[in-house]
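Visitor: quick one, what's the 3D model for this:
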Amino acid sequence: MKQSLFDIVSNKKIARDIYEMVLYGDTSDLVRPGQFINIKLDGLFLRRPISVCDYDDKTITIIYKVVGEGTEKMSKMDGGKLDILTGLGNGFDIEKSGDKPLLIGGGVGVPPMFNLCRKLIENGKDVTVIMGFMSQEDVFYKTEFEKLGAKVYVTTNDGTEGIKGFVTDAMKEIEAYTYFYTCGPEPMLKGVYDASKTSGELSFEARMGCGFGACMGCSCETKYGNKRICKDGPVLKKEEIIW
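Guide: Coordinates of the predicted model:
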């Protein structure tokens, strides 16, 4: 974990209530897809945990949804600096993927799939991505995933784009995959868990106090004892999860 100041390079709306922010600074503590950052905002006591969409040697891209005071404040930022904790969470294990991994993201669970997808394709994997949204107005990054070289399925609850239904409906159309990775709201994760045919990894969302394992506020029970979503997670193996 590292605390650094980052410059806001850009901040733009990309879908309904969804914003993409690019930050410039020290990214050396980011080592795995699926990790997150914790952002300090003036006037607010707790930092805001946001998953990392993509990163390189100098920049971090995050995608966030405006859902409260913190993200509303972020959506209005145009330049300036942010105090950020980086390198949080365990992230996904790309060594487990096999040749044909399946990536499943729902809503703001889509962004951490992007860096994971890029790294898997760079390692010669045949990647399929399922992206689930409420409606066409909520869809983002479909073209970006396709440009990486992934096969992409989009589902919307109301059928306004792609397959009508849930990500589990799209899973029925995938003939074979070697491993799955998923991130999204807990009901979706449970659905993916039940529908999955292989082992995999699930990234959980949780309310966090500190974001680095000190406050114990995001503990959950697993088959191997209690784990902290912010530090021992947010990624848990399918075989250790208790619903």
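
Visitor: parallel or antiparallel, list what pairs with the host helix or strand of Y64.
Guide: According to DSSP states H and E, Y64 maps onto strand 59-65. Its sheet considered, strand 59-65 pairs with strand 18-24 (antiparallel), strand 48-55 (antiparallel) by DSSP bridges.

Visitor: among those strands, which comes closest to R32?
Guide: Ranking these by proximity to R32 (Cβ to Cβ) places strand 48-55 first, at 9.5 Å. C-betas here are computed from N, CA, C, even on glycine.

Visitor: who are the packing partners of the strand ranked longest in the chain?
Guide: Secondary structure of the chain per DSSP state E: the longest strand is strand 2-15. The contact analysis (3 or more Cβ pairs under 8 Å, 6 or more residues apart in numbering; DSSP states H and E) places strand 2-15 against strand 18-24, strand 59-65, helix 69-75, strand 81-88.

Visitor: which other residues reach the helix or strand following the last one?
Guide: The reference is to strand 81-88. With elements assigned by DSSP H and E, the helix or strand that comes after strand 81-88 is strand 101-106. Residues outside strand 101-106 that contact it (Cβ atoms under 8 Å, 6 or more residues apart in numbering): 111-113, 116-117, 120, 125, 127-133, 150, 167, 171, 174, 177-185, 188, 192, 200.

Visitor: measure the closest residue to G159 other than its chain neighbours to A15 for me?
Guide: Nearest residue to G159 in three dimensions, chain neighbours excluded: G165, at 7.7 Å (Cβ to Cβ, 6 or more residues apart in numbering). G165 is 19 Å from A15, where distance means Cβ to Cβ, to the nearest Å.
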